[in-house]
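[1] Here you go, sequence then predicted model.
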Amino acid sequence: MEFDFPRSVVPLVAIVAVATVALTSMMTPSTVFMMVLPSMIVFSIVAFFFGMKHGEFRAS
């Protein structure tokens, strides 16, 4: 199965969205949207980048 950019990003966005909704039920929404969500987005971008580079390395 070939993974292109949209096929790889959609599950990642879905995971972050579900986690955000789940956290807003336990914490105040202002804390989640101002502190937790930005850190989840930054971590997911960094992890996606390293995973993509590792996949390119393994494929070559």
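    Cool, the structure landed. Residues are numbered from 1 along each chain as shown.

[2] contacts and neighbour counts: CA atoms only from here.
    OK.

[3] Can you tell me how far residue 10 is from residue 59?
    Plainly put, residue 10 is 22 Å away from residue 59 if you go by CA to CA, to the nearest Å.

[4] So for these two, which sits in the more crowded spot?
    Ranked by neighbour count (other CA atoms under 10 Å), residue 10 and residue 59 place residue 10 first, with 10 against 7.

[5] Dump the helix or strand where that one lies to CSV, restricted to CA.
    Using DSSP states H and E, residue 10 sits in helix 5-24. Taking Å, rounded to 0.1, in the frame of the first residue of the first chain, the C-alpha atoms of helix 5-24 are listed here in CSV:
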residue,chain,number,x,y,z
PHE,A,5,0.7,12.8,2.1
PRO,A,6,-3.1,13.0,2.6
ARG,A,7,-3.4,9.3,3.5
SER,A,8,-0.8,9.8,6.1
VAL,A,9,-2.0,13.1,7.6
VAL,A,10,-5.7,12.3,7.9
PRO,A,11,-5.3,9.7,10.7
LEU,A,12,-2.9,12.0,12.5
VAL,A,13,-5.3,14.9,12.5
ALA,A,14,-8.1,12.5,13.6
ILE,A,15,-6.0,11.3,16.6
VAL,A,16,-5.3,14.9,17.6
ALA,A,17,-8.9,15.9,17.2
VAL,A,18,-10.2,12.9,19.3
ALA,A,19,-7.6,13.6,22.0
THR,A,20,-8.6,17.2,22.1
VAL,A,21,-12.3,16.5,22.5
ALA,A,22,-11.5,13.9,25.2
LEU,A,23,-9.3,16.3,27.1
THR,A,24,-11.9,19.1,27.0
